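In: please work out how this folds:
(one chain, ligands or ions: 1)
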Amino acid sequence: MPPALMTPLSELVLGQQFPAGALYIVATPIGNVADITVRALHVLGLVDRVAVEDTRNTSQLLSRYGISKPTIAVHEHNERSAAENVIAHLRNGERIAYVSDAGTPGISDPGAKLVDAVREAGFPVVPLPGASALTTALSVAGAWVHTFSFIGFLATKPKQRDTQLQSLLTHTPALVFYEAPHRIVETVQALERAFGGERQLLIARELTKLHENIHRCTLAEGLTWLSGDANRQRGEFVLAVEGAPQKEAADNAHDALLMTLLEELSVSSAARLAATLTGASRNALYTRALAMDRRAANKARTIRNEAGKRAGQ
Ligand code: SAM
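Out: Residues are numbered from 1 along each chain as shown. Modelled structure (predicted):
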């Protein structure tokens, strides 16, 4: 039975289709229990059972809305095998909802493999939108995150994390990360080391909760802000970092192209071909190619001299 909603709200879902034998992917709040949609409550009240990332967590949440349902555990470590169980219930014509611990399933949370398996088995998968830390943070970030790439959690090993960040150096859309409290300081330091101090940084902490903080500064100022009060390092975090400046990214891409072309061609031929391929100014490319060629020649000369000195010793 659907939960008892205030009549005008429950009327909003009246007449809508909620087919049987379907999986409903339901977003839940990321901290504020009131951030759930009318349709999510209706579906959670309607389904035959709820597949959950963590039984205790979700049962507590559902009880806040007066809903109690049989559950199926579907978490990171059993997602594929548990999917078979879900599919067996769908074959019996049941409606099943999937709920992760918080926010939108499949976004740095289990859910995606379940969706694949259920769709492959031929059953409909119905999304019910709602809270996500990603969209909540971006909604208050401002115009500089107009385009963005969601990275989620960085690798936990420092070397892998730094390699990951290096690969994003020339990426022009803003970058959005999730981070846990015990790594927040280290991650902000790594971001500044990788991208320099000038780019914009948004630190969105404990979104929708009592101690919510939304702080915008530069990467150089991030650590100072976090260190200003021990409480600022607690809780859950979304970080958004401004993307690489367009010109810098274009220059890096042109240099990579010119470097390859200079292995086979003269400076002027490399600049001419690069201009045709990229549409950039031939003169500007010639200047860059010449500088690269001179640097390469100087390096080769130094290596030859040093080898000569060693041979003469
Ligand atoms: N599926 C969730 C979503 O839609 O955002 C994300 C789940 S992921 C396991 C948990 C991470 O999301 C946290 O470590 C944190 O980085 C981010 N997060 C979740 N809730 C948050 C909140 N209230 N404020 C800031 N970040 C949050």
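
In: for the rest of this, base every contact and every neighbour count on C-alpha atoms.
Out: Will do.

In: what pLDDT does Lys309 get?
Out: The model reports Lys309 with a pLDDT of 84.

In: quick thing: my sequence starts at 334, can you match it?
Out: Will do, 334 is the new start, and the previous item becomes Lys642.

In: please identify which helix or strand holds it.
Out: Take DSSP states H and E as the rule and Lys642 turns out to sit in helix 615-645.

In: okay, buried residues for that helix please.
Out: For helix 615-645, the neighbour count (16 or more other C-alpha atoms under 10 Å) marks 615, 618-619, 621-623, 625-626 as buried.

In: how about these in JSON lines, adding pLDDT and distance to Val383?
Out: Below are the buried residues of helix 615-645 laid out as JSON lines (pLDDT from 0 to 100; distance: C-alpha to C-alpha, whole Å):
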{"residue": "Arg615", "pLDDT": "93", "distance to Val383": "62"}
{"residue": "Leu618", "pLDDT": "93", "distance to Val383": "60"}
{"residue": "Tyr619", "pLDDT": "94", "distance to Val383": "63"}
{"residue": "Arg621", "pLDDT": "92", "distance to Val383": "60"}
{"residue": "Ala622", "pLDDT": "93", "distance to Val383": "61"}
{"residue": "Leu623", "pLDDT": "93", "distance to Val383": "65"}
{"residue": "Met625", "pLDDT": "91", "distance to Val383": "61"}
{"residue": "Asp626", "pLDDT": "90", "distance to Val383": "64"}
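
In: would you mind measuring from the residue most central in space within the chain to the ligand?
Out: Central residue of the chain (C-alpha atoms, centre = their mean): Phe483, 2.7 Å from the mean position. According to C-alpha to the nearest ligand atom, to the nearest Å, Phe483 stands 11 Å off from the ligand.

In: where does that residue land in three-state SS?
Out: strand (DSSP: H, G, I helix; E, B strand; the rest coil).

In: count of residues packed around the spatially closest residue to it that is not a sequence neighbour?
Out: Excluding the flanking residues, the one nearest Phe483 by C-alpha to C-alpha, 6 or more residues apart in numbering is Val509, at 4.8 Å. Residues lying near Val509 (other C-alpha atoms under 10 Å) number 23.

In: is it true that Val509 lies in a helix?
Out: No: read with three-state DSSP, Val509 is strand and lies in no helix.

In: any idea what Val509 is bridged to?
Out: Phe483, Ala573 (DSSP bridges).

In: that one and Gly576 touch, don't they?
Out: No: assessed by C-alpha atoms under 8 Å, Val509 is found out of contact with Gly576, at 9.9 Å.

In: shared neighbours, these two?
Out: Phe481 (C-alpha atoms under 8 Å, 6 or more residues apart in numbering).

In: how about the contacts made by the residue nearest to Phe483?
Out: 467, 481-485, 571-574.
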